[in-house]
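> Sharing a model prediction with you, sequence too.
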Amino acid sequence: MGPLRYRLPSRISTRAVLARLGDTAIIAAEPGGASARQYLDTADWRLYGSGRTLEVGADRWGAGTLTLRDARSGEVQATAEMENAPAEARDLPWDPVRSVIEGRRLLVQATAQARLQRLAVLNPDAKTVARVFLDRFVVVEPAGGRHVLRFVTVVPVRGYSSWAARITAALEEMGLQAAGVPLIVSILAATGRAEPGADRGPGVPLEREMPAAAAVGAVLERLRNHVVANEEGVRQQLDIEFLHDYRVAVRRARSMVRQAGGILPAGQVSALAGELGWLGALTGPPRDLDVHLEELEGRTERELEPLRAYLAEKRQHAQLQLLSALDSERYKLLIDQWQSMVSGSPGPYSEEAPDAGRPAGEVADEHVARAYRRVLKRGRAIHAGSPAEALHDLRKRAKELRYLLECFQTLYPDHDRTAAVKELKLLQENLGEYQDCQVQAVALQTMADELMERRVPAATLMALGRQTDELERREAQAREEFEARFARFSSARNRRRLESLVGMRT
Amino acid sequence: MRVIAAYSIKGGVGKTTTAVNLAYLSAVEGARTLVWDLDPQGAASYMFRVKPRVKGGGRRLVRGRLDVDSLIRGTDFDRLDLLPADLSYRHMDLHLDTTKRPTRQLARVLAPVRDQYDTVVLDCPPSLSLVSESVFEAAARVLVPMVPAPLPARTLDQLQAFLKAREMRRPPKVMAFFTMVDRRRKLHREIITELAGTRPEVLAAEVPASTTFEQMGMRQAPVEIFAPRSSAAAAYRKLWDEIRDQGEF
Ligand SMILES: Nc1ncnc2c1ncn2[C@@H]1O[C@H](COP(=O)(O)OP(=O)(O)O)[C@@H](O)[C@H]1O
Ligand SMILES: [Mg+2]
């Protein structure tokens, strides 16, 4: 039996709880305390995803304590004293936690003022046989709103669980109900925020019967939220995943909009698609540089130093360009335009958007099937002598199909969708490897040319040469593997999986 | 799981006092800690206000017929648990003797909870017997409190000879320290200096004779709880630091 946390509703006073506990057993007060708590996690809630919460508590004197808890039970897993709030994995003393956080920045996800009252339940030998915590949290919104949350937690002492059971029975008789969700979820909910991670990914809840325009609108809204949520991290370069997530959301949105012909008004679609293409293109160079720099991370060869410096300089330059784009009027318009596409439904039927009012499930099926046919057609046309562009083009089509399946994921049963996506994923990996190697090799060549002009040591250029060789080897291997991958993807068996998913022949 | 035994052939030398205070320090540091009260007198159980009784019988526990998991009791302190004593431990030698590998038996009893604890402290009864042998098999460190008395090397010699004769595969490391020391007494100073110079297993930390320790019985708590600023508490902190400084175990 673990700790049991009850929500204390405002109609029941702390005094009433104390009185009730006093009737049930001998109760002794233990030292409690008050602290300001900050809940830290990465932007994508990696700690919470691994079943933990991390809080920084500062008491009245400002001394900081770091507490790692089991998210569900609230049990303390580890504590540490620290002077500064941790910002990244290496600031934490716990290895398993570090490997969960990896390169991501720790952000303050929520703050609360906590006041804790600790009670010991004693048996006739004056031994502590259970503990009761009366916790009060004041959650303050950035806008100034205050929300009070109160909990009663019963913590059993090993070997004396019958005492804890007596206490919980008394509390339940008073009408208290188990909190049911982790504390952090309650704290977020107090300010109207969703469960951590619930709004990650493009998979918004959709119904097959809802109008197609509403479904696409919901997906675009989710993606817009991702873009907005990651913008600050992109600007400040908190870690490289912000830009990555930002970029993925932009590209998903662009793909969605481009395929939304017939669902959304054609005029709006083409305008927004164009602007999203602009934004996507802007995020490309800095992202590529992030990847290059990350590959160099941890490598200590001296000849790589000029390369690192060169890349860092380019990254800095790309950041400035990105920042000026994000500050531009054009960007502001894009975000507004995106918003209006989300909220302004075009009505059930219009000349411009004949599919808007049709059931989302039906329309999604058609789009998925069409995207699938396109992948098949382009893929089949590829032979040993096809130019690289043919594979690049296939990669784009495959991506479109994948984005569709991801964005409309909640329209399909999980199991069927996973099965249908499996071979597609493998094909995408192959095409991705092929193109990435090629693009990187070209980038390296450009770098080598520029570095040559800077008179860097020969060893640096040779290191680049070795990398290029390696990339070319991988590229050739990917090209060789393509045929087999595509054969599996286009096999009758895999086709049937997709056909049964969308309920039509392809 | 590191197992450390507070052990001496003699009674009344401070084994229980040591076990209780060090276990508390281990738990405060963040290690999940278990004290196993092996002394039928149940002094350690008493310190933690736990009834000195093994449900189902200490005899059956020692013989491996009971699940240790359900017998462990939480103490009043975070991360610190106790496996209580039992009157039947008076005959533990006999009970062990009826098992297949008597000297392995105590370690075997602890095996099911090995992932639940970082530190296990054994509070031993005074003797040199089958129980002690089983303790030496289970523990990586044997901590021997010694009062400064004439011929101090004798007990250590006896213990070392005993360990040697057993030809264990992995004998525990013996760590001795002086307790109930009165630095004002010349005899104490001389005994300590002499032994510390000749025996490497003697630790530098020493515990003073202090009435604070006698209060433990009345308070039923480690000294850290009711007299954290006393020299008594400081002495055990120093001892614990020194034990850990000698390497992980
Ligand atoms: N350093 C000390 N100074 C004074 N009295 C002590 C000290 N250590 C232990 N005592 C007391 O000596 C008695 C025996 O100690 P205890 O720890 O029970 O020994 P053991 O477990 O070896 O029999 C107890 O009354 C205890 O309070
Ligand atoms: Mg004792």
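All right, it came through fine. Ligands and ions are numbered 1, 2, ... in the order given.
> Any idea how far the helix or strand encompassing B:Ile225 is from the middle of the chain?
Element membership of B:Ile225 [criterion: DSSP states H and E] is helix B:223-226. Centre-to-centre, helix B:223-226 and its host chain are 19 Å apart (CA atoms, centre = their mean, to the nearest Å).
> any idea of the mean pLDDT for the helix or strand that comes right after that helix?
Note on helix B:223-226: by DSSP H and E, the next helix or strand toward the C-terminus is helix B:231-245. Helix B:231-245 carries an average pLDDT of 97.
> same question, stretch A:87-105
The predicted model assigns stretch A:87-105 a mean pLDDT of 93.
> Any idea how far it is from the middle of the chain?
17 Å.
> Tell me the residues of chain B that contact ligand 1?
Chain B comes close to ligand 1 at residues B:8, B:11-17, B:43, B:179-180, B:207, B:209-210, B:213-214, B:216, as judged by CB under 6 Å from any ligand atom. (C-beta placed from N, C-alpha, C; glycine too.)
> What are the buried residues along the helix holding B:Ile225?
For helix B:223-226, burial by neighbour count (16 or more other CB atoms under 10 Å in any protein chain shown) applies to B:Val223, B:Glu224.
> Just the buried ones out of the residues of chain B next to ligand 1, please.
Buried, going by 16+ other CB under 10 Å: B:8, B:13-17, B:43, B:179-180, B:207, B:209-210, B:213, B:216, out of these.
> Keep only those of the residues you listed that are in strands.
B:Thr179, B:Met180, B:Val207 (DSSP state E).
> For the closest residue to the first one other than its chain neighbours, give its distance to A:Val185.
By the measure of CB to CB, 6 or more residues apart in numbering or on different chains, the closest residue to B:Thr179 outside its immediate chain neighbours is B:Val207, 4.0 Å from it. Distance, B:Val207 to A:Val185, using CB to CB, to the nearest Å: 49 Å.
> neighbours around the residue in the stretch 301-450 of chain A positioned nearest to ligand 2, how many?
When distances are taken as CB to the ion, the stretch 301-450 of chain A reaches nearest to ligand 2 at A:Asp414, 60.8 Å away. Around A:Asp414 there are 10 other residues, counting by other CB atoms under 10 Å in any protein chain shown.
> Then B:Ser230?
17.
> mind checking how far the helix or strand containing A:Val250 is from the chain centre?
In the assignment (DSSP H and E), A:Val250 maps to helix A:240-258. Centroid displacement of helix A:240-258 relative to its chain, using CA atoms, centre = their mean, is 12 Å.
> next SSE after it?
helix A:266-296.
> hmm, who's touching the helix or strand following that following helix?
Where DSSP H and E defines the elements, the next helix or strand beyond helix A:266-296 is helix A:305-326. Residues from elsewhere that reach helix A:305-326 (CB atoms under 8 Å, 6 or more residues apart in numbering or on different chains): A:231, A:234-235, A:237, A:279, A:282-283, A:285-286, A:289-290, A:292-293, A:296, A:331, A:447, A:450-451, A:454, A:456-457, A:460, A:463-464.
> how big is the angle separating helix A:305-326 from helix A:266-296?
With axes from the mean of the first three to the mean of the last three CA atoms, to 10 degrees as the basis, helix A:305-326 and helix A:266-296 are set at 160 degrees to each other.
> didn't the residue nearest to B:Thr179 look like it was pressed against B:Ala233?
No. Counting by CB atoms under 8 Å, B:Val207 does not reach B:Ala233; the two are 10.3 Å apart.
> mind listing the strands for chain B?
B:2-6, B:33-37, B:73-74, B:80-83, B:119-123, B:141-146, B:173-181, B:202-208.
> now do chain A
A:4-7, A:26-41, A:52-58, A:64-70, A:76-82, A:107-122, A:128-140, A:146-156, A:177-178.
> Those: which one's closest to A:Asp95?
Closest approach to A:Asp95 among the strands of chain A is made by strand A:76-82 (10.9 Å; CB to CB).
> And the closest one, how far out from the chain middle?
For strand A:76-82, the distance to the chain centre is 26 Å (CA atoms, centre = their mean).
> What strands line up against that strand, and which way round?
Strand A:76-82 pairs in its sheet with strand A:64-70 (antiparallel), by DSSP bridges.
> Ligand 2 contacts on chain B?
B:Lys15, B:Thr16, B:Asp39, B:Ala43 (CB under 5 Å from the ion).
> For these, could you give me CSV that also reports pLDDT and distance to chain A?
CSV is the format used below for the residues of chain B next to ligand 2 (pLDDT from 0 to 100; distance: CB to the nearest CB, whole Å):
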residue, pLDDT, distance to chain A
B:Lys15, 98, 22
B:Thr16, 98, 18
B:Asp39, 96, 19
B:Ala43, 97, 15
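> Closest one to B:Leu195 out of those residues, please.
Distances from B:Leu195 to those, taken as CB to CB, are shortest for B:Lys15 (18.7 Å).
> and the closest one, what is it in contact with?
Applying CB under 8 Å, 6+ apart, we find B:Lys15 in contact with B:Ala6, B:Tyr7, B:Ser8, B:Asp39, B:Asp123, B:Cys124, B:Pro126, B:Pro145.
> out of those residues, what pair is the most spread apart?
Within the contacts of B:Lys15, B:Asp39 and B:Pro145 form the most distant pair, 13.9 Å apart (CB to CB).
> Which one of the two is surrounded by more residues?
For B:Asp39 versus B:Pro145, the count of surrounding residues by other CB under 10 Å is larger for B:Asp39: 26 against 23.
> Let's have the strands of chain B in JSON lines, adding distance to A:Val257 and mean pLDDT.
Listed next are the strands of chain B as JSON lines, based on distance: least, CB to CB, whole Å; pLDDT from 0 to 100:
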{"stretch": "strand B:2-6", "distance to A:Val257": "61", "mean pLDDT": "97"}
{"stretch": "strand B:33-37", "distance to A:Val257": "60", "mean pLDDT": "98"}
{"stretch": "strand B:73-74", "distance to A:Val257": "59", "mean pLDDT": "97"}
{"stretch": "strand B:80-83", "distance to A:Val257": "60", "mean pLDDT": "98"}
{"stretch": "strand B:119-123", "distance to A:Val257": "61", "mean pLDDT": "98"}
{"stretch": "strand B:141-146", "distance to A:Val257": "68", "mean pLDDT": "97"}
{"stretch": "strand B:173-181", "distance to A:Val257": "71", "mean pLDDT": "97"}
{"stretch": "strand B:202-208", "distance to A:Val257": "73", "mean pLDDT": "97"}
